[in-house]
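Visitor: fold the stuff below for me.
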Amino acid sequence: MTDDWNGWRAATERALYGPDGFFVREAPASHFRTSVHASPRYAAAVAELLRRVDTALGGPPELAFVDVGAGRGELLTGVLAATPAGLVERLRPVAVERAARPPGLDHRIEWTAEPPRRVTGLLFANEWLDNVPCEVAETDGDGAWRHVLVRASDGAERLGEPVTGEDLAWLRRWWPLEDQPEPGLRAEIGLPRDTAWHDAVRTVTDGLAVAVDYAHTRADRPLFGTLTAYRDGRTVRPVPDGSCDLTAHVALDACAAHAGGGTPRSQRDALRALGVDGRRPTQELALRDPAGYLRALSHAGEAAELLDPAGLGAHTWLLCPRGRLHDHDLLTPP
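Guide: Numbering: from 1, shown residues only. Predicted structure coming up:
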């Protein structure tokens, strides 16, 4: 941590992934709640998607499941538990994470800092792109985009040089201003995320790549950006000092275009198509099987949280089929 002024991309990179960075030091589940942590039904739904990928590929000798931004391996652990034994025997589970391998993780899970190449199977990135560092821009008094500089020690900001080159071209295409822009509008320049997703998708030779994140589109970009931070389960002021998670919603439409296409689906639609049902059990079940009723009620509550349009259900799934699955729709309801 220094008192130097830097762009948000460099400051975030150091704060999250530096030698003593937040994600190197901290377990994400200790600070914020994702779909993975909310319910094992999420891992079961991903396992069902993996099964459909396997079926569509004709049951290859080895099927990879690559979890990008794996945290401490929670999703991989859940998917292994929910996958049928016959498929598990052919499964290659890979965690892609910059933090060290956690102790006690299932020995079958590979741990690597970069996605493997020539993947046949499913690459899944749950709330990864929102933590890919990017620059923040703000309009000045003349309505022109300028880089926002930040001081790591306290999060103070000031405007830097005008945005130019590829960053400006990205803003003009994906985050356009009105004819008479006001001072103080903000944007996160998503080009590093576009590149990261393009590179991840290209590792899949045959199969499916999926990114899941809070997202926005060109038609509804937020006027003041979405940069925020979390610590101990609470929203806090973004300060790139390594003490908190730093995150911003993702322009998934730009990611899709950069990767050559993709189909966006709401998490509600995706999970429902994979068998997640938030309906309450019937009273008849309560009379016939009280214990079963309580289990079903608990499952319905977990499903409802995953499907909540004001919460986790507001996530967008971006599906990018590759190779032989180019024209497959793997989210057709059962």
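
Visitor: please tell me how far the nearest residue to residue 323 once chain neighbours are set aside sits from residue 126.
Guide: Closest residue to residue 323 apart from its sequence neighbours, by CB to CB, 6 or more residues apart in numbering: residue 206 at 3.6 Å. From N, CA and C alone the C-beta is placed, and that goes for glycine too. Using CB to CB, to the nearest Å, one gets 22 Å for the distance from residue 206 to residue 126.

Visitor: now do residue 232
Guide: 21 Å.

Visitor: the more surrounded of these two?
Guide: residue 126 (23 against 9; other CB atoms under 10 Å).

Visitor: residue 103 versus the nearest residue to that one once chain neighbours are set aside, what's the distance?
Guide: Sequence neighbours aside, residue 212 is the residue nearest to residue 126 in space, at 4.7 Å (criterion: CB to CB, 6+ apart). According to CB to CB, residue 212 and residue 103 sit 27 Å apart.

Visitor: who's more crowded, those two?
Guide: residue 212 (28 against 6).

Visitor: where's the more buried one relative to residue 129, distance?
Guide: From residue 212 to residue 129 the distance is 9 Å (CB to CB).

Visitor: name the residues that touch stretch 176-193?
Guide: Here stretch 176-193 makes contact (CB atoms under 8 Å, 6 or more residues apart in numbering) with 9, 129, 132-143, 145, 148, 163, 166-167, 170-171, 174-175, 218, 221, 223-227, 248-251, 254-255.

Visitor: low pLDDT regions in the stretch 201-334 of the chain?
Guide: Along the stretch 201-334 of the chain, the model assigns pLDDT under 70 to residues 278-304, 306, 310, 313, 333-334.

Visitor: strands along that one, start to end?
Guide: 204-213, 228-231, 234-236, 245-247, 263-266, 316-322 (DSSP state E, counting those that start in this stretch).

Visitor: of all the ones you listed, which one is nearest residue 99?
Guide: strand 245-247 (13.0 Å; CB to CB).

Visitor: note down every partner strand of that closest one and its orientation.
Guide: strand 228-231 (antiparallel) (DSSP bridges).

Visitor: let me see the ranges of the helices in this structure.
Guide: Here the chain has its helices, by DSSP state H, at 8-17, 22-25, 35-38, 40-56, 74-82, 85-88, 165-174, 191-201, 252-258, 267-273, 283-288, 290-307.

Visitor: the fifth one to helix 40-56, inter-axis angle?
Guide: Using axes from the mean of the first three to the mean of the last three CA atoms, to 10 degrees, the direction of helix 74-82 lies 70 degrees away from that of helix 40-56.

Visitor: domains for the protein, by residue range?
Guide: 33-134+190-215+250-325, 135-186 (automatic domain parsing).

Visitor: need the winner for burial among these.
Guide: Of all the domains of the chain, domain 33-134+190-215+250-325 has the most neighbours on average by mean count of other CB atoms under 10 Å, namely a mean of 19.

Visitor: distance between the ends of stretch 52-68?
Guide: 20 Å (CA to CA, to the nearest Å).

Visitor: need the contact partners of that stretch.
Guide: 50, 73, 75-76, 79, 87, 90-96, 115-116, 119-126, 128, 200, 203, 206-208, 324-325, 328, 330.

Visitor: same check on stretch 99-109?
Guide: 23-24, 27, 72-73, 76-77, 80, 91, 93-95, 111.
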